[in-house]
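Novice: turn this into a structure:
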Amino acid sequence: MSLLDVQGLTIRYGDETVVDGVNLFIDRGESVGLVGESGSGKSQSALAILGLLPRQAVASGSIEFDGQQILGASDSVLNALRARRIGIVFQDPMQALNPYLRIGAQLRQIPLTHKLRDKAEVDARVVEMLASVGLPDPQRQFRAYPHELSGGMRQRVMLASALIAEPDLLIADEPTTALDVTVQAQILDLLEDMRDNTALLLITHDLGIVAGHCEHTIVLDRGRLVEQGPTTSVFAAPSHAHTRALLAAAPRVDRGDVPEAVTGSTILSVGDAVVDYRDLQAVSKVSFSVKIGETVAVVGESGSGKSSLVRAMLGLVPMASGRVVYAGSTLEGPVEDRAQSQRRDLQLVFQDPVSALNPQMRVQTLVGEPLLVHEPQLSAAARAERVAAMLERVGLSRKFLRRFPHELSGGQAQRVAIARALILGPRVLVCDEAVAALDGSVRKQVLNVLRDVQADTGLSIIFISHDLAVVRSISHRVLVMYLGRLVEMADSETLFAAPKHPYTRALLDSVPVPDPVAMPKRAPLRGEVPSPVNPPSGCVFHPRCAKADARCGSKAPALRDVERTRVACHYPNA
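Specialist: Residues are numbered from 1 along each chain as shown. Predicted coordinates:
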């Protein structure tokens with residue numbers, strides 16, 4: 001008998017069916033990946049298993065857990081299972097954790113509620129769990145509030161809370177989506193190390209994660225199960241067109257063509273940029289340039305200074321020192337003080353389009369607004385035609401003109417944001433994690449739009465990302481930043497084939513590969529980026545570097561040319 005047996009699960013909201021007749025089963029100790037794009041019904045299925053669907057949802061079918069029917073069961077029955085026999089790790093730990101309670105107080109409720117420990121023992125058990133998930137100084141984290149922890153640390157707390165009662169089944173709903181690739185690798189290692197005989201239902205849109213961590217794969221498309229089987233079989237010979245499309249859209253960091261280096265004149269250069277925020281230095285003397293028609297990627301973990309660098313370049317935050325030159329002219333001061341032509345030529349696409357788009361404006365107004373500012377002479381009809389043409393360019397038909405942002409999917413909203421940025425025909429486009437939250441097929445569409453515009457117009461792109469598989473597919477050159485410093489810079493072919501800095505190698509080794517035959521690597525980096533308020537002496541990466549010696553801790557390496565790479569490392573070929 002399977003531990004979890006779901007038969008004919010159907011979930012409706014009014015006339016809309018979001019899950020349609022899904023069947024799945026999980027045996028004890030088995031790991032199952034549930035994959036699909038946004039809106040495929042993955043999370044709705046998980047909520048149904050836990051009895052957490054909203055009141056307006058109507059669920060039918062059968063869900064048996066260890067032989068007990070739990071679909072439609074009473075709260076008392078479900079409460080006896082939740083956290084005790086079925087643990088869950090939610091996608092956003094900041095939303096899942098109570099902001100008013102200390103971490104220890106939240107975790108101790110689980111063993112106390114289920115009478116697994118008495119009051120004299122429970123605090124020691126909580127501290128033990130916090131230590132086992134790799135949190136530094138677990139006694140201190142026991143007393144901390146959620147907002148005092150980083151994203152990776154909060155997700156470790158969620159994992160500790162899910163496993164503290166040693167459940168029979170762990171449901172992990174997109175547990176690493178918002179994390180840096182290095183922290184993601186650590187969390188996935190923890191899942192493997194800690195679950196022992198606990199069965200795992202891993203919900204994700206990242207096929208690389210499923211390939212490396214699940215024995216069985218289930219694929220959903222628009223609420224329906226379209227394929228399932230052993231992971232090796234599904235990946236090697238997918239039978240359904242949707243599965244084949246998902247695999248085709250998944251970029252790989254370990255293979256594939258990279259764009260050839262661009263030759264030509266420089267359109268934008270940044271020299272010795274320094275960005276300070278009160279008592280910390282976010283960017284420390286970083287220099288780079290961008291050629292006409294070139295895509296330059298800026299990569300690194302959260303806190304590396306990527307966004308601060310480009311926002312200072314655009315005049316959105318002050319630059320303490322340094323120089324920005326665009327088309328032969330120096331860019332100085334905040335963006336509102338710069339020439340209108342300069343503001344027009346340099347555009348930015350933010351990571352979260354829903355926050356960036358005015359919720360009270362329709363798409364037609366949102367995309368057309370820059371034309372009102374920069375081309376006021378246009379007639380209303382000409383402006384409307386330009387807007388419609390640009391939407392079509394990014395893959396959206398005229399039917400979207402009258403929609404509001406809340407009526408768009410994430411991918412549609414991001415394409416509207418890109419259309420708004422491109423409507424003026426900029427010469428430089430900055431994409432700040434612009435595809436980070438998109439499904440594979442939508443991400444592929446957006447990247448193709450950027451490539452097509454670049455090929456047609458000579459657009460230069462600065463592409464900020466933590467996804468090195470995507471970076472490999474679109475960038476001509478790559479800058480690697482760590483704790484505000486530039487540690488490596490090379491053309492894409494050189495960097496992905498022969499990275500020189502140990503941090504770059506660790507980033508590449510952390511990326512999951514969508515191939516179950518390729519053995520997943522253990523997380524190459526432990527811990528997180530140090531605080532920029534008190535950075536390490538010498539090479540700032542040395543506390544996390546396996547190759548570091550006394551010289552690395554006392555002397556900061558300068559950027560120097562090594563073969564075809566500029567790298568800041570004392571031992572670049574070690």
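
Novice: rest of the way, CA atoms for contacts and neighbours
Specialist: Fine.

Novice: quick one, what contacts Thr198?
Specialist: Arg28, Gly29, Glu30, Glu166, Pro167, Asp168, Leu169, Leu170 (Cα atoms under 8 Å, 6 or more residues apart in numbering).

Novice: check the gap between the closest residue to the third one other than its chain neighbours and Leu268 for me.
Specialist: Nearest-residue entry for Glu30: Ala199, 4.8 Å, with adjacent residues in sequence omitted and distances by Cα to Cα, 6 or more residues apart in numbering. Ala199 is 52 Å from Leu268, where distance means Cα to Cα, to the nearest Å.

Novice: quick one on the thing from earlier: mark which of the contacts of Thr198 are part of strands, please.
Specialist: If you go by DSSP state E, the contacts of Thr198 have Leu169, Leu170 in strands.

Novice: who wins for most neighbours among the contacts of Thr198?
Specialist: Leu169 (31 neighbours; other Cα atoms under 10 Å).

Novice: isn't that one up against Asp196?
Specialist: No: contact criterion Cα atoms under 8 Å: Leu169 and Asp196 do not qualify, at 10.8 Å.

Novice: Ala574: what's it in contact with?
Specialist: Lys547.

Novice: dihedrals phi and psi, Ile11?
Specialist: The phi/psi pair for Ile11 (degrees, to the nearest 10) reads phi -130, psi 130.

Novice: work out for me the element the residue nearest to it when sequence neighbours are not counted sits within.
Specialist: Once flanking residues are discounted, Ile11 sits nearest to Ala59: 4.4 Å by Cα to Cα, 6+ apart. Secondary structure assigned from DSSP states H and E places Ala59 in strand 57-65.

Novice: partner strands of the helix or strand just after that strand, with direction?
Specialist: Downstream of strand 57-65, the next assigned helix or strand under DSSP H and E is strand 68-69. Partners of strand 68-69 in the sheet, by DSSP bridges, are strand 57-65 (antiparallel).

Novice: helix or strand for Leu391, just tell me which one.
Specialist: Using DSSP H and E, Leu391 maps to helix 380-393.

Novice: Gly33: neighbouring residues, count only.
Specialist: 26.

Novice: is it true that it lies in a strand?
Specialist: Yes: per DSSP: H, G, I helix; E, B strand; the rest coil, Gly33 lies within a strand segment.

Novice: and it, what does it touch?
Specialist: So Gly33 contacts Leu201, Leu202, Ile203, Thr204, Val210, Cys214, Glu215, His216, Thr217, Ile218 (Cα under 8 Å, 6+ apart).

Novice: kindly report the same for Gly425.
Specialist: Applying Cα under 8 Å, 6+ apart, we find Gly425 in contact with Asp345.

Novice: does it sit in a helix, a strand or a coil?
Specialist: Secondary structure of Gly425, per three-state DSSP, is coil.

Novice: check Val325 too.
Specialist: With three-state DSSP as the criterion, Val325 reads strand.

Novice: list the beta-bridge partners for it.
Specialist: Applying DSSP bridges to Val325 gives these bridge partners: Ser269, Thr330.

Novice: what segments of the stretch 351-500 of the chain are strands?
Specialist: 428-432, 460-465, 477-482, 485-491 (DSSP state E, counting those that start in this stretch).

Novice: same deal with the stretch 151-300 of the chain?
Specialist: Under DSSP E, counting those that start in this stretch, the stretch 151-300 of the chain gives strands at 169-173, 199-204, 216-221, 224-230, 266-277, 280-291, 295-299.

Novice: mind putting the ones you listed in JSON lines, distance to Asn448 and mean pLDDT included?
Specialist: JSON lines is the format used below for those (distance: least, Cα to Cα, whole Å; pLDDT from 0 to 100):
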{"stretch": "strand 169-173", "distance to Asn448": "29", "mean pLDDT": "93"}
{"stretch": "strand 199-204", "distance to Asn448": "23", "mean pLDDT": "93"}
{"stretch": "strand 216-221", "distance to Asn448": "23", "mean pLDDT": "96"}
{"stretch": "strand 224-230", "distance to Asn448": "27", "mean pLDDT": "96"}
{"stretch": "strand 266-277", "distance to Asn448": "23", "mean pLDDT": "96"}
{"stretch": "strand 280-291", "distance to Asn448": "20", "mean pLDDT": "95"}
{"stretch": "strand 295-299", "distance to Asn448": "13", "mean pLDDT": "97"}
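
Novice: how about those in CSV, adding distance to Ala419?
Specialist: Output for the strands of the stretch 151-300 of the chain, formatted as CSV (distance: least, Cα to Cα, whole Å):
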stretch, distance to Ala419
strand 169-173, 32
strand 199-204, 28
strand 216-221, 28
strand 224-230, 32
strand 266-277, 22
strand 280-291, 22
strand 295-299, 18
